[in-house]
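Visitor: Need coordinates for the following:
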Amino acid sequence: MSEVKFLVPVDGSPHAMRANDYAIKMAGLLSAEIILLHCHKPFPSVLGEPYLQKAITQRLENSQKRLEPFEARLKAEGTAFSVRILEGPPGSRICETARIEGCEMIIMGSRGRTDLQGLLLGSTAHRVLHCAPCPVMVVK
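Guide: Below you'll find the predicted structure:
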């Protein structure tokens with residue numbers, strides 16, 4: 001397993017796919033591992049069983065579907081990778097994961113699926129730039 005790790009947060013957007021492609025190129029040059037991260041909204045706390053379990057299952061299945069094209073690209077290129085699916089706000093979870101995993105760099109898209117929240121730079125990318133424990137590459 002590689003000691004160099006790049007964190008690639010993904011939301012299923014074209015910007016995230018471009019970031020993934022850049023990460024694959026950089027990982028190839030440095031024999032690095034990529035950590036794919038997808039964050040989903042918190043599970044609804046007001047639901048009782050069996051509805052809560054159905055909501056959890058649905059969120060996790062949706063997360064996995066969003067990750068599939070990214071995983072397929074990584075496998076096709078023979079790039080070492082692992083996957084993390086976390087609950088909560090992406091900006092803070094991305095920074096937290098980079099810190100815990102000891103990532104060398106975060107490589108992320110400039111705008112994701114929440115285009116209305118940021119004017120020039122997506123709000124998640126903006127948050128990550130301010131709280132990241134390592135360099136951040138924002139791919140346009």
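
Visitor: check contacts around Gln64.
Guide: Ile85 (CB atoms under 8 Å, 6 or more residues apart in numbering). Just so you know, the C-beta spots here come from the backbone N, C-alpha and C atoms, and that holds for glycine as well.

Visitor: host element of it?
Guide: helix 51-77 (DSSP states H and E).

Visitor: helices or strands up against the helix-or-strand element of the chain with minimal mean pLDDT?
Guide: For the chain, counting by mean pLDDT, DSSP states H and E, helix 123-131 ranks last in confidence among helices and strands (a mean of 89). Helix 123-131 sits against helix 90-101, strand 105-109, strand 136-139, with contacts defined as 3 or more CB pairs under 8 Å, 6 or more residues apart in numbering; DSSP states H and E.

Visitor: Near the spatially closest residue to Val136 that is not a sequence neighbour, how many other residues are there?
Guide: Leaving aside its chain neighbours, Val136 sits nearest to Ile106 (4.7 Å; criterion: CB to CB, 6 or more residues apart in numbering). Neighbours of Ile106 under the rule other CB atoms under 10 Å: 27.

Visitor: Relative to Thr57, how far out is Ile106?
Guide: For Ile106, the distance to Thr57 equals 29 Å [CB to CB, to the nearest Å].

Visitor: How about Ala132?
Guide: Ala132 is 32 Å from Thr57, by CB to CB.

Visitor: Looking only at neighbour counts, state which of these two leads.
Guide: Comparing Ala132 with Thr57 by other CB under 10 Å, the one with more neighbours is Ala132, at 19 against 11.

Visitor: Do I have it right that Leu67 meets His38?
Guide: Yes - with contact defined as CB atoms under 8 Å, Leu67 and His38 form a contacting pair (5.5 Å).

Visitor: Done for today, thanks.
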